[in-house]
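Just to be clear, the model below is a prediction. Sequence and coordinates:
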Amino acid sequence: MSDPSRFREASRNTPAEIEFRVAMDQYIQESVGTYYEKLENFPKYVSRQTLARFLALYEIFKKVLHVQGDVVECGVSWGGGLMAFALMSAALEPTNLQRRIIGFDTFSGFTPPTGPDTKSSARADLMREGGLAANSYEDLQRCIELYDANRFIGHIAKVFLVKGDARQTIPAYVEQHPHVVVSLLHLDFDLYEPTKVAIEHFAPRMPKGAAIVFDELNNQAWPGETVAVLEAIGIRNLRIERFSFEPYVSYAVLD
């Protein structure tokens with residue numbers, strides 16, 4: 001039996017949406033078929049919101065398919081976005097051994113909110129140090145091993161996890177990898193400081209045609225991302241577009 005409190009404590013959704021998630025969680029457990037058979041028929045088990053988000057990320061990834069550079073995921077959480085990009089790369093460009101998928105996360109929740117984050121309309125139990133924690137690091141390492149076993153050129157590592165406070169790990173990563181070029185920068189830290197650090201260090205390494213993806217732009221609950229973009233790039237310097245079918249994801253292709 002599903003525990004409703006597990007969804008309520010970690011969710012930013014409405015009571016009706018939480019009720020749907022509880023019912024769907026129970027259905028997934030009780031539905032016929034093995035776990036693998038269920039995943040092969042995943043449209044039975046995902047919400048319209050989840051599918052819409054996946055489609056949005058897919059449309060953006062297609063825009064950078066012929067742009068040189070890595071995919072940088074800022075805020076890995078449970079790893080759905082990270083592995084979505086990894087699978088897209090494996091399926092659409094199987095011989096592109098130079099495209100790395102790099103994920104930055106503390107894997108222990110938010111660093112302390114600062115500045116504009118303190119003006120958030122998000123619940124206090126979410127907008128706090130350690131908020132929205134996803135202890136997924138070891139699980140994702142196992143996931144990456146299985147991913148490598150089922151793709152071309154699987155002996156060359158493609159997906160990398162960088163664990164720790166991004167305010168320190170991003171500058172260190174760039175210093176240790178002076179070759180890095182970024183074709184897609186996905187900003188999903190939610191908070192002001194790590195988002196600004198990500199933009200300042202990765203945006204100068206993004207060629208024309210590369211894409212910056214936003215998750216919380218113009219979002220009252222998570223104002224830090226917008227302020228970081230305003231200060232590090234400037235909204236007027238970007239042509240920010242969105243999708244008719246997904247309310248949160250927006251993006252800018254660099255001219």
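It's in.

Give the buried residues for the one helix or strand I170 maps to.
Assigned by DSSP states H and E, I170 falls within helix 166-176. Within helix 166-176, the residues that count as buried by 16 or more other C-beta atoms under 10 Å are 166, 169-170, 173-174. Any C-beta I mention is one placed from the backbone N, CA and C, and that applies to glycine too.

Dump those residues to a markdown table, plus distance to D117.
As requested, these are arranged in a markdown table below (distance: C-beta to C-beta, whole Å):
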| residue | distance to D117 |
| --- | --- |
| A166 | 14 |
| T169 | 19 |
| I170 | 18 |
| Y173 | 23 |
| V174 | 24 |
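
closest to E225 among those residues?
Nearest to E225 among the buried residues of helix 166-176 is A166, at 13.2 Å by C-beta to C-beta.

helix or strand for the nearest residue to that closest one once chain neighbours are set aside, which one?
Using C-beta to C-beta, 6 or more residues apart in numbering and skipping the chain neighbours, the partner closest in space to A166 is P194 (4.1 Å). Using DSSP H and E, P194 sits in helix 192-202.

follow-up on the earlier one: report all helices and strands that the helix or strand just after the helix holding I170 contacts.
Where DSSP H and E defines the elements, the next helix or strand beyond helix 166-176 is strand 182-187. Strand 182-187 sits against helix 48-63, strand 70-74, helix 80-92, helix 192-202, strand 211-214, with contacts defined as 3 or more C-beta pairs under 8 Å, 6 or more residues apart in numbering; DSSP states H and E.

so which of those comes closest to K158?
Judging those by C-beta to C-beta, what sits closest to K158 is helix 80-92, at 6.6 Å.
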